[in-house]
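Participant: the following comprises the amino acid sequence and a computationally predicted model.
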Amino acid sequence: MRETVTASELDLALVNALQLRPRAAWSELAPVLGVTAGTLARRWERLTGSGLAWIYAAPGREFSRSRCTAFVLIRCSPGARSRLAGRVSEFQEAATIEVTGPGSADLLLDVLTPDLPSLSRFLTEKLDRLPGITSVSCLFATSLYVEGSRWRLRSLDPAQLTALHSSASAVREPLRTVELDPVDRSLLRHLVRDGRLGWAELAQLSDTSPATVRRRLRRLTDSGVLTFRCDIAAPLAGRPVPVSFLAQVPARDIATVHRTLAAFPDCRLVAGVTGPANVFATLWVHDIGDIQRRETALCARLPTLTVTDRIVGLHTVKRMGHLLDHDGSRTGTQPISPW
């Protein structure tokens, strides 16, 4: 039986630090957090063992430029939703699966594929063959302005944030297309499960040297192929309510919408999409009442914006390949492989 862990202020600060520096050595974080490296290692082991926090590799900035992202809305026949959520979670193309409240969808999927033909095969050869699905709508992401790795717990003080940002400062290189070879794909396969695997362990798993692993990971991160995320269970995040807005806005105002939404601390994702609505945004709000308040604030700042749909998440079944229980804690992995 899994140990029940109550997160302390140090645990929350550690998670926030790892959101900024997911692969930082414990010895680097120890002076910032005011404890020993051994203490941080033990705390992290408890958090990961209880499913409250985890680190993994996810598609980076380059993905939305050269590959395919879509948001798929599924309607189900009565009584089929839970069964279908479990079945769809087995597909590696379905990176995130949300069981939603009554409305335009029963399931909301974030789908990641290497190209458009792969997405087409997922829709026609996998989803279409599942009994219980009554309709499928697909919104293609044309631009990804904000994604989940930018969301922060906000548990560090300004001095700690400054120390972490200064030690991580680097010039962001222009995006470039990288051809992946078997070593790259092996590294990605292992890192989507555990993003804090060490150099020696990764070298052994990929049948190469630690020096090669360092070079390859630097190349993959600098080129925007991958990024590292520290994700958390709902109890650590304050049990937020996920809500996704679909909205219409004149094309000339898209950049303003992006900047305005990105300024909301609870914003997780902003994308330009195809279809009657051209903006898709996901927020983690405090409660159901917050949905209306956020929409009112958003429309007040953006007079040309019209919200056309609100999709409320009831239970996240899978998030970026990691399976979650009804409490929002990680229970396992169904790895994604969108590269």
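Facilitator: Yep, that arrived.
Participant: going forward, measure contacts and count neighbours with C-alpha atoms only.
Facilitator: Noted.
Participant: for residue 187, give me its contacts.
Facilitator: 202, 206, 213 (CA atoms under 8 Å, 6 or more residues apart in numbering).
Participant: in this protein, which residue is most central in space?
Facilitator: Centroid-nearest residue in the chain, with CA atoms, centre = their mean: residue 148, separated by 4.2 Å.
Participant: which residues in the stretch 151-300 of the chain form strands?
Facilitator: Ranges of strands in the stretch 151-300 of the chain, per DSSP state E, counting those that start in this stretch, are 226-232, 241-248, 267-273, 279-285.
Participant: run through who's touching the last one.
Facilitator: Among residues not part of strand 279-285, those counted as contacts by CA under 8 Å, 6+ apart are 240-249, 266-273, 291.
Participant: now swap in the first one and tell me
Facilitator: Outside of strand 226-232, the residues that reach it under the criterion CA under 8 Å, 6+ apart are 15, 18-19, 22-23, 52-62, 149, 195, 220-221, 329.
Participant: hmm, try it at 7 Å
Facilitator: 18-19, 22, 52-60, 149, 195, 220-221 (CA atoms under 7 Å, 6 or more residues apart in numbering).
Participant: I'd like the contacts of residue 187 as TSV, with distance to residue 160, pLDDT and neighbour count appended.
Facilitator: Output for these, formatted as TSV (distance: CA to CA, whole Å; pLDDT from 0 to 100; neighbours: other CA atoms under 10 Å):
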residue	distance to residue 160	pLDDT	neighbour count
202	30	97	21
206	35	95	20
213	30	97	23
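Participant: one step back: let me know the closest of the contacts of strand 226-232 to residue 314.
Facilitator: Using CA to CA, residue 52 is the member of the contacts of strand 226-232 that sits closest to residue 314, with 18.5 Å.
Participant: do you know how far residue 223 is from residue 269?
Facilitator: 21 Å (CA to CA, to the nearest Å).
Participant: farthest-apart pair in the contacts of strand 226-232, please.
Facilitator: Spanning the widest gap among the contacts of strand 226-232 are 52 and 220, at 27.4 Å by CA to CA.
Participant: more crowded one of the two?
Facilitator: The neighbour comparison of residue 52 against residue 220 (other CA atoms under 10 Å) goes to residue 52, with 26 against 22.
Participant: run through who's touching stretch 238-254.
Facilitator: Contacting residues not belonging to stretch 238-254 are listed as 234, 277-288, 304-313 [CA under 7 Å, 6+ apart].
Participant: pull out the buried members of those.
Facilitator: Applying 16 or more other CA atoms under 10 Å to those, the neighbour count classes 234, 277-285, 305-307, 310-313 as buried.
Participant: next, the buried residues of the helix or strand of the chain with the lowest mean pLDDT.
Facilitator: Least confident helix or strand, the chain: helix 63-66 with a mean of 82, by mean pLDDT, DSSP states H and E. Neighbour-count burial for helix 63-66 flags 63, 64, 65 (criterion: 16+ other CA under 10 Å).
Participant: in TSV, list these along with distance to residue 127.
Facilitator: Shown next, in TSV, are the buried residues of helix 63-66 (distance: CA to CA, whole Å):
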residue	distance to residue 127
63	23
64	23
65	25
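Participant: quick one: which of those residues is nearest to residue 320?
Facilitator: Distance to residue 320, by CA to CA, is smallest for residue 63 among the buried residues of helix 63-66, at 14.0 Å.
Participant: contacting residues for the closest one?
Facilitator: By CA under 7 Å, 6+ apart, the contact set of residue 63 is residue 225.
Participant: and it, how far from residue 185?
Facilitator: Distance, residue 63 to residue 185, by CA to CA: 15 Å.
Participant: and residue 19, by the same measure?
Facilitator: Distance check for residue 19 against residue 185: by CA to CA, it reads 24 Å.
Participant: looking at the two, which one has more neighbours?
Facilitator: Taking other CA under 10 Å, residue 19 and residue 185 do not tie; residue 19 has more neighbours (22 against 14).
Participant: any idea how far that one is from residue 12?
Facilitator: 11 Å.
Participant: next: residue 165.
Facilitator: Distance, residue 165 to residue 12, using CA to CA: 18 Å.
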